[in-house]
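Asker: compute the structure for the input listed below.
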Amino acid sequence: MSTDGQPHILAIGGGSFIPDARYGMSPSPLLRYAVDLTGQDRPRICFLTTAGGDGMEGIGRAYAAFSQMEAEVSHISLFPMPNIPDMRSHLLAQDLVYVFGGSVANLLALWRLHGLDEMMREAWHEGVVLSGQSA
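Answerer: Here you go, the predicted model:
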């Protein structure tokens, strides 16, 4: 959670990751800034790839990229079923939630179906930093 007591949403149009020969992609200074907003030395970061269809390849690339940061990383997938039984508690326990890009229409439909839209709003109000690119 943000240590300055202010809710933060950092919207990024692109450039959260830079190409990396070893990991495929590495966190950019913009993404590192989102992590800095948490004020934590080892933040809990949860990422969502709903907008891209929760493909295992994308999830694997995300873990490889986030593994380069001093962080505790997790993800929420909605395909084929939610991988986290209590998504609300999981999101509220995070310092940063990062959303990957893709189809905003599909993301919103699924989030609303699962109540994730309201959970994200609650997490933001509780001080969890929300960030992401594109979607």
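
Asker: just so I have it, where are all the helices in this protein?
Answerer: Using DSSP state H, the helices of the chain run over residues 29-38, 56-66, 87-92, 104-114, 116-125.

Asker: remind me which residues of this structure are low pLDDT?
Answerer: 1-5, 135 (pLDDT under 70).

Asker: find the centremost residue of it, please.
Answerer: In the chain, the centroid-proximal residue (CA atoms, centre = their mean) is Y98; its distance is 1.8 Å.

Asker: OK, contacts around that residue?
Answerer: Contacts for Y98 (CB atoms under 8 Å, 6 or more residues apart in numbering) come out as 16, 31, 34, 45-48, 131-132. In this view, the C-beta of every residue, glycine as well, is placed from N, C-alpha and C.

Asker: returning to what we had before: could the helices of the chain go into CSV alongside distance to V73?
Answerer: Output for the helices of the chain, formatted as CSV (distance: least, CB to CB, whole Å):
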stretch, distance to V73
helix 29-38, 11
helix 56-66, 4
helix 87-92, 12
helix 104-114, 20
helix 116-125, 16
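
Asker: please compute how far stretch 69-82 lies from its chain's middle.
Answerer: In terms of CA atoms, centre = their mean, to the nearest Å, the centre of stretch 69-82 is found 8 Å from the chain centre.

Asker: ends of it, what's the gap?
Answerer: Stretch 69-82 has an end-to-end distance of 26 Å (criterion: CA to CA, to the nearest Å).

Asker: same question, stretch 64-78
Answerer: This stretch, stretch 64-78, spans 20 Å end to end (CA to CA).

Asker: how much space separates V104 from D95?
Answerer: 24 Å (CB to CB, to the nearest Å).

Asker: right, I'll leave it there.
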